[in-house]
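Asks: Sequence below, structure please.
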Amino acid sequence: MTTDQHSPQHSGAGREELGLRELIAIGVGGMIGGGIFSILGLAVDISGHAAPLAFLVGSIIAGVAGYSYVRLALTYRSDGASFTYLEKAFPNTPAVAGIAGWTVVIGYIGTLALYAFTFGAYSAHLFGFGDQQTARWLLSGGGLLLFLIINMAGAAKMGKAEDIAVYIKIILLAILAAVGFFTVDTTRFRPLFDHGASAFLLGGAVIFVAYEGFQLITNAVCETRDPQRNIPRGLYGSIAITSLIYITIALVSVGNLDVAAIHAAQEYALAAVAKPILGTLGVVLVDIAAMLATASAINATIFGASHLAYEMARDNLAPRPFSFRNRTGVPSTSAITITALAVLLTALGGLELIASFSSLTFLLVSIAVCLANLRLRHETHAAVLPILLGIALMVTTVVLLVLYMKQNSPHTLTFAICVYGGATLAFMLFDFTRKKRQQNHS
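Replies: Take a look at the predicted model:
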């Protein structure tokens, strides 16, 4: 297999500091962010008693999509990940990779806003002023800025911070799951499909953003020791760990609390579940776990998004300042700009809008990545069947999600269309200006 005929130009030589432990921390940290805390209530609201199946659907989609990411990452080693893969698959149509890359960055900004909103909400709740919007926003913005500073210090410090946050978070969630599992009332799952036989499929579509984060591992390929071994293990391992946690927590939640009660406390669904199981101590533990979860997700997403913007700028598909690195090798301009936009969206965006939009964005990008792998399968040595399975599952999921948005949240669908259209027009204008400037200099 071609390991990396393209790597020298963006190899990141001398910056290989991340091992399997750090990669799993990045993946789990990226996935268990706002998902299980802010989206659990949404999953139960849509899927009812079958909410655990919704998370199972999400994990299956993530797994089949992850196959293409792994094959492409090991062939084209670049921090640009999905952008780079599309660039290689459509070399004569750079607009495909450019527009997709800009869309992914926008999606990352949306998920950063989701994570930051959840961080602010749970930390404000922990400190006793959860109803004060200004305090929540300040805590949200503070979380974003803190992990921007950590990212600016370099990959090794980012990885160490990720390790600490992720493993403490898993321990706290495991305590809730273990204790709550013994108090599950199986009658609460009857009837299983109380919201309809296909509701769990729709739920899996809406909450797919909870699995967004495994892609961040491929963004770190240039900083990874022995990527041939660690990238596949890190990606599949992080999906497996995250899936186990999500499904178990969903089982404990539905098995201990009425669907109506979870819906009533949608933004603090897990805290509501913890109270009858662990009492006030349980609520505090959930608040702390939520803060750690969203903090590590913010950390991992800033890392991946800034490296993607850097690669795009290196290939003249984004403004040149995004290609600047600081003395520790971090794409500082990209990181600062993305974080600043996320701070703004945190104050302006709503949870449902951000979740649905982000899920749709990363589903569309994952479909494009699978198509790139299909087109490049002779170079990536990928099997056709898992690629086609991934495409079929994700296309079906996109259709379900768009129908849901049209019926239940038309303003979110309008927002998504405007953002995609705006990104396309902005890229076309940037590309036109760049080509015009090159012609004038020639």
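Asks: Can you classify the nearest residue to residue 208 once chain neighbours are set aside by secondary structure?
Replies: Residue nearest to residue 208 in three dimensions, not counting chain neighbours: residue 359, with 4.2 Å by C-beta to C-beta, 6 or more residues apart in numbering. Glycine gets a C-beta too; all of them are placed from N, C-alpha and C. In three-state terms, and counting by DSSP: H, G, I helix; E, B strand; the rest coil, residue 359 is helix.
Asks: ditto for residue 147
Replies: helix.
Asks: I'd like to know how many residues surround it.
Replies: 30 (other C-beta atoms under 10 Å).
Asks: who's in contact with it?
Replies: 161, 295, 298, 299, 302 (C-beta atoms under 8 Å, 6 or more residues apart in numbering).
Asks: now with 10 Å?
Replies: Neighbouring residues of residue 147 by C-beta atoms under 10 Å, 6 or more residues apart in numbering: 112, 115-116, 119, 158, 161-162, 165, 294-303, 335, 339.
Asks: Report the buried members of those residues.
Replies: For the contacts of residue 147, a burial check counting by 16 or more other C-beta atoms under 10 Å picks out 112, 115-116, 119, 158, 161-162, 165, 294-303, 335, 339.
Asks: Any stretches of the stretch 151-300 of the chain with poor pLDDT?
Replies: Scanning the stretch 151-300 of the chain for pLDDT under 70 picks out 154-163, 165-166.
Asks: quick one, helices of it?
Replies: 155-181, 199-206, 216-219, 227-256, 259-264, 269-314 (DSSP state H, counting those that start in this stretch).
Asks: Check which helices and strands the shortest one sits against.
Replies: The reference is to helix 216-219. Applying 3 or more C-beta pairs under 10 Å, 6 or more residues apart in numbering; DSSP states H and E, one finds that helix 216-219 contacts helix 20-31, helix 51-75, helix 82-89, helix 227-256, helix 269-314.
Asks: What is the first one packed up against?
Replies: Think helix 20-31. Applying 3+ C-beta pairs under 10 Å, 6+ apart, we find helix 20-31 packed against helix 51-75, helix 94-127, helix 155-181, helix 216-219, helix 227-256, helix 269-314.
Asks: between the helix or strand that comes right after the longest one and helix 94-127, how many degrees?
Replies: Using DSSP states H and E, the helix or strand that follows helix 269-314 towards the C-terminus is helix 332-348. Inter-element angle recorded for helix 332-348 and helix 94-127: 60 degrees (by axes from the mean of the first three to the mean of the last three C-alpha atoms, to 10 degrees).
Asks: Give me the buried positions along helix 332-348.
Replies: Buried, per 16+ other C-beta under 10 Å, within helix 332-348: 332-339, 341-343, 345-347.
Asks: Same check on stretch 237-244?
Replies: Under the neighbour-count criterion of 16+ other C-beta under 10 Å, stretch 237-244 has 237, 238, 239, 241, 242, 243 buried.
Asks: Please report the distance of the fifth one from residue 229.
Replies: Pointing back at residue 242 there. Going from residue 242 to residue 229 by C-beta to C-beta, to the nearest Å gives 21 Å.
Asks: What of the last one?
Replies: Distance, residue 243 to residue 229, using C-beta to C-beta: 22 Å.
Asks: The second one too?
Replies: Distance of residue 238 to residue 229, given as C-beta to C-beta: 15 Å.
Asks: before we move on, back to that, take the buried residues of helix 332-348 and lay them out in TSV including pLDDT.
Replies: Shown next, in TSV, are the buried residues of helix 332-348 (pLDDT from 0 to 100):
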residue	pLDDT
332	87
333	90
334	90
335	91
336	93
337	92
338	93
339	93
341	90
342	91
343	90
345	82
346	82
347	79
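Asks: quick check, nearest of those to residue 95?
Replies: Proximity of the buried residues of helix 332-348 to residue 95 (C-beta to C-beta) peaks at residue 334, which lies at 20.8 Å.
Asks: okay but the closest one is in contact with residue 341, surely?
Replies: No - at 11.1 Å, residue 334 does not count as touching residue 341 under the criterion of C-beta atoms under 10 Å.
Asks: what do the two both touch?
Replies: With C-beta under 10 Å, 6+ apart, residue 334 and residue 341 have common neighbours residue 105.
Asks: still on that earlier bit, looking at the helices and strands packed on helix 20-31, which is buried most?
Replies: helix 216-219 (a mean of 31; mean count of other C-beta atoms under 10 Å).
Asks: out of the helices and strands packed on helix 20-31, nearest to residue 370?
Replies: helix 51-75 (4.7 Å).
Asks: and the angle from that closest one to helix 82-89?
Replies: Using the same axes, to 10 degrees: helix 51-75 against helix 82-89 is 50 degrees.
Asks: Could you pull up the mean pLDDT of helix 51-75?
Replies: On average, the pLDDT along helix 51-75 is 94.
Asks: what angle do that helix and helix 199-206 make?
Replies: 40 degrees.
Asks: Stretch 210-226: which residues count as buried?
Replies: Quick answer for stretch 210-226 (16+ other C-beta under 10 Å): 210-224.
Asks: need the contact list for the residue nearest the centre of the chain.
Replies: Computing the C-alpha centroid of the chain and ranking residues by C-alpha atoms, centre = their mean puts residue 212 first, at 2.7 Å. Counting by C-beta under 10 Å, 6+ apart, residue 212 makes contact with 30-31, 33-35, 58, 62, 107-108, 110-111, 114, 297, 301, 358-359, 361-363, 365-366.
Asks: still on that earlier bit, and of the buried residues of stretch 210-226, the nearest to residue 287?
Replies: Nearest to residue 287, judged by C-beta to C-beta, of the buried residues of stretch 210-226 is residue 210 at 19.0 Å.
Asks: if we can go back for a sec, could the helices and strands packed on helix 216-219 be laid out in a markdown table, adding distance to residue 354?
Replies: Output for the helices and strands packed on helix 216-219, formatted as a markdown table (distance: least, C-beta to C-beta, whole Å):
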| stretch | distance to residue 354 |
| --- | --- |
| helix 20-31 | 16 |
| helix 51-75 | 17 |
| helix 82-89 | 20 |
| helix 227-256 | 19 |
| helix 269-314 | 13 |
